[in-house]
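Student: fold the following.
(chains A and B)
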Amino acid sequence: DAGVIQSPRHEVTEMGQEVTLRCKPISGHNSLFWYRQTMMRGLELLIYFNNNVPIDDSGMPEDRFSAKMPNASFSTLKIQPSEPRDSAVYFCASSLLTSGGAGDEQFFGPGTRLTVL
Amino acid sequence: KNQVEQSPQSLIILEGKNCTLQCNYTVSPFSNLRWYKQDTGRGPVSLTIMTFSENTKSNGRYTATLDADTKQSSLHITASQLSDSASYICVVRGGTGGFKTIFGAGTRLFVKA
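Tutor: Sure thing, here's the model as predicted:
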């Protein structure tokens, strides 16, 4: 398996532009997570899906952020309009989430480094 | 409030030396605790997972301990190597109202030759 695939790996855009980040989870996994990581705040969970349904989006910073998972093999995180403070590394992770057992390891993608000028 | 706190924030050691990283949590109820290693420019990778009944678990030169009574965990690295330079993140799963995953801020380890 190729692992979690994210694209693009790097994105540089200007303030006000729309940014779309893409993620393909590991086949067979039932949960997908979007994280943002900065030096100041560390890893922050933005949203997670279970069986393609958004379960917890309390980490989404504001209405400018939206995420979709139209099917089990694809998800997008969109920022519109983007702002300089959105500059960060965005990680996507997937897992086979169980009811609380040990089999819930999250496998992370390589991340997308976003720079908003 | 469910929290995970790690110490120290950063650590510099010489190659070949041992070190111990700490993780304290207030998450309740507790499900499991993982240590992740994150190399620069890459996503985190799981090193170990510990459940309530486990006290010690090893993965090569990495040994994690868990004291569920005091809600503390440690990650001990033996005979450090340059490739151990990374961030180490403690992650606890648990909490009321459904299981949540709470990340610590991480410890940045630098191993010098």
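
Student: give the contact list for the closest residue to chain A within chain B.
Tutor: Nearest to chain A in chain B, going by Cβ to the nearest Cβ, is B:G43, at a distance of 2.9 Å. The way it works is simple: take the backbone N, C-alpha and C, and place the C-beta from them, glycine included. Neighbour list for B:G43: A:V4, A:F91, A:A93, A:F108, A:G109, A:P110, A:G111 [criterion: Cβ atoms under 8 Å, 6 or more residues apart in numbering or on different chains].

Student: for the residues you listed, work out which two are farthest apart.
Tutor: A:A93 and A:P110 (11.1 Å; Cβ to Cβ).

Student: any shared contact partners between those two?
Tutor: The contact sets of A:A93 and A:P110 overlap at A:V4, B:G43 (Cβ under 8 Å, 6+ apart).

Student: can you pick out the residue with more neighbours from those two?
Tutor: Taking neighbours as other Cβ atoms under 10 Å in any protein chain shown, A:A93 and A:P110 compare with A:A93 leading, 26 against 17.

Student: SS state for the residue of chain B closest to chain A?
Tutor: coil (DSSP: H, G, I helix; E, B strand; the rest coil).

Student: ok, and the closest non-adjacent residue to it?
Tutor: A:F108 (2.9 Å; Cβ to Cβ, 6 or more residues apart in numbering or on different chains).

Student: mind checking which helix or strand A:L46 is in?
Tutor: According to DSSP states H and E, A:L46 maps onto strand A:42-50.
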